[in-house]
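Novice: Turn this into a structure:
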Amino acid sequence: MATITPFRGFTYNEALAGNISGLVCPPYDIISPAEQQELYRKSPYNIVRLEFGLSSPGDTDEDNRYSRAAALLDEWLKIGVLRQSKAPAFYIYEMEYPTGAGGRTRKLRGFIGMVRIEDYASGIVKPHETTLSGPKTDRLNLLRACRAGFSQIFSLISDPKGTVAGVLGAVAKKPDMEVKGVDGVVHRVWTYTDKAGIDAISSALDDQPIFIADGHHRYDTALNYRNERRKITGSFTGSEGFNYVPMFLARIEDPALTVLPAHRALFNLTNFHPRKFEEDLNRYFNIERIDFTKKSESADRRTVLDTMASRSGHAHVFGMRVKNEHSYYLLSLRNVADMDSIIPVKSPAYRQLDVSILHHLIIDRLLGIRMETHKLGLNIEYIKDADEAVRRIADGSAEVIFLMNPTKVTEVRDVAAAGERMPQKATYFYPKLLSGLVINRID
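Specialist: Just a heads-up that it's a prediction; the model follows:
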């Protein structure tokens, strides 16, 4: 099914560019304006200048951040700041990160390879999120200008026999690159050229689908660019660079895979009456109320989150706070069959997602915010940190917040396998891949 091949990637020549720690950056879509400026100050060769360059008030169709990125890439290649691997390789990529539990760490190890771009209808590459037009336009403009990829799509493959795990785990030499991010995550990369190991991985995965975990906009962009280039060239063999996209591939079976929750803060609600809302919730949920004082609020919040986590394996449960109230609520869905009648056209895997229950039943049906408006962000903010979500209530900017358990990796697989897309911000895979560790030039 999937075609995964090694490639001759470009990496930084640290002898000319400096230490790798000053050259890489987080994914462009989580970089704030202040962080963008700081990355610029780190080094004249930081990858942010290509991946997420600064705009200028005087930008034109001919001179803009995309054209400047292309010119800068050409310059770096010319002077040797970037150098190409001598042989086709997979790039083994490990992320070691703290779990927050007793100082323990996890190590997630996968590999970067080139994956042949497939139409979604083929069932070979399976998405689970809906994409927005704005980011895709931005990424397509950059791809057209640079004809290069500076980051990878985070994807999942199944390795039931442990073949991939065996090859990746056997690499024990010193990494070619190692860098510690500002979030404490240590990133390591090995250039892997052993043909027997590469063939073993490719063979083990040729009958497996690929599930996109993070990077849906990048894949859609690669797909659009492929179609565009095919139309321009008029004919193609399938081996051209524009028919492939770089991916980081991790094993679904890896216990180090981590998905964080995205909590919801709702605002600008019309005709919102807390008591009426609680009565509506009571039709579907068992409700537990925890009143708190200023002194106990933090501990009670922790109790709510811990209780949610302990029940996540057998129940659909949410935490909730309402503006101007000194209480937390635990909401546990009473009967999962209620979702069968609310969204009968969806698969069982989709209907039993926590985010589906929240968006379709609570937000859409009970609060009257239509599903089609969720992606516009007019009433909903998605927040990764629970403490930050609670601050939205404390400062009065939100009428109600919902605290979430994370979506399970198996749920991502099952919904994608059913050919469906989850509601907005259903997953937040962690850690995030760094941009600039391995670069692919399409031509």
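
Novice: Grab the longest helix from this structure for me.
Specialist: Using DSSP state H to define each element, the chain has its longest helix at helix 216-233.

Novice: and the following helix or strand past it, what does it pack onto?
Specialist: The C-terminal neighbour of helix 216-233 among helices and strands, as given by DSSP states H and E, is strand 244-251. Contacts defined by 3 or more Cβ pairs under 8 Å, 6 or more residues apart in numbering; DSSP states H and E place strand 244-251 against strand 4-5, strand 105-116, strand 153-157, strand 210-214, helix 216-233. C-beta here means a position set from N, CA and C on the backbone, and glycine is covered the same way.

Novice: what's the closest of the ones you listed to F52?
Specialist: With Cβ to Cβ as the criterion, F52 lies closest to helix 216-233 of those, at 13.0 Å.

Novice: that older thread, can I get the helices and strands packed on strand 244-251 in TSV with distance to K195?
Specialist: Listed next are the helices and strands packed on strand 244-251 as TSV, based on distance: least, Cβ to Cβ, whole Å:
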stretch	distance to K195
strand 4-5	12
strand 105-116	14
strand 153-157	20
strand 210-214	22
helix 216-233	27
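
Novice: Tell me which of these lies nearest to R334.
Specialist: Going by Cβ to Cβ, the one of those nearest R334 is strand 210-214, 31.6 Å.

Novice: Do I have it right that L50 meets A71?
Specialist: No: look at L50 against A71 with Cβ atoms under 8 Å: they stay out of range, at 10.2 Å.

Novice: At the geometric centre of this protein, which residue do we find?
Specialist: What sits nearest the mean C-alpha location of the chain, by Cα atoms, centre = their mean, is D214, with 3.0 Å.

Novice: Distance-wise, check the nearest residue to it once chain neighbours are set aside relative to L330.
Specialist: Among residues not flanking D214 along the chain, F154 sits closest, at 3.9 Å (Cβ to Cβ, 6 or more residues apart in numbering). Using Cβ to Cβ, to the nearest Å, one gets 32 Å for the distance from F154 to L330.

Novice: what's in contact with stretch 41-58?
Specialist: With Cβ atoms under 8 Å, 6 or more residues apart in numbering as the contact definition, stretch 41-58 has outside contacts at 12, 17-18, 22-25, 28, 31, 36, 39-40, 64-66, 68-69, 72-73, 76, 81, 142, 146, 148, 150-151, 435-436, 439.

Novice: Let's see the distance spanning it from one end to the other.
Specialist: From the first residue to the last, stretch 41-58 extends over 22 Å; the measure is Cα to Cα, to the nearest Å.

Novice: List the buried residues of it.
Specialist: Across stretch 41-58, burial judged by 16 or more other Cβ atoms under 10 Å covers S43, Y45, N46, I47, V48, R49, L50, E51, F52, G53.

Novice: Need those in JSON lines (columns: distance to L269 and secondary structure).
Specialist: Below are the buried residues of stretch 41-58 laid out as JSON lines (distance: Cβ to Cβ, whole Å; DSSP: H, G, I helix; E, B strand; the rest coil):
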{"residue": "S43", "distance to L269": "46", "secondary structure": "coil"}
{"residue": "Y45", "distance to L269": "48", "secondary structure": "coil"}
{"residue": "N46", "distance to L269": "42", "secondary structure": "coil"}
{"residue": "I47", "distance to L269": "41", "secondary structure": "coil"}
{"residue": "V48", "distance to L269": "38", "secondary structure": "helix"}
{"residue": "R49", "distance to L269": "42", "secondary structure": "helix"}
{"residue": "L50", "distance to L269": "42", "secondary structure": "helix"}
{"residue": "E51", "distance to L269": "37", "secondary structure": "helix"}
{"residue": "F52", "distance to L269": "34", "secondary structure": "coil"}
{"residue": "G53", "distance to L269": "39", "secondary structure": "coil"}
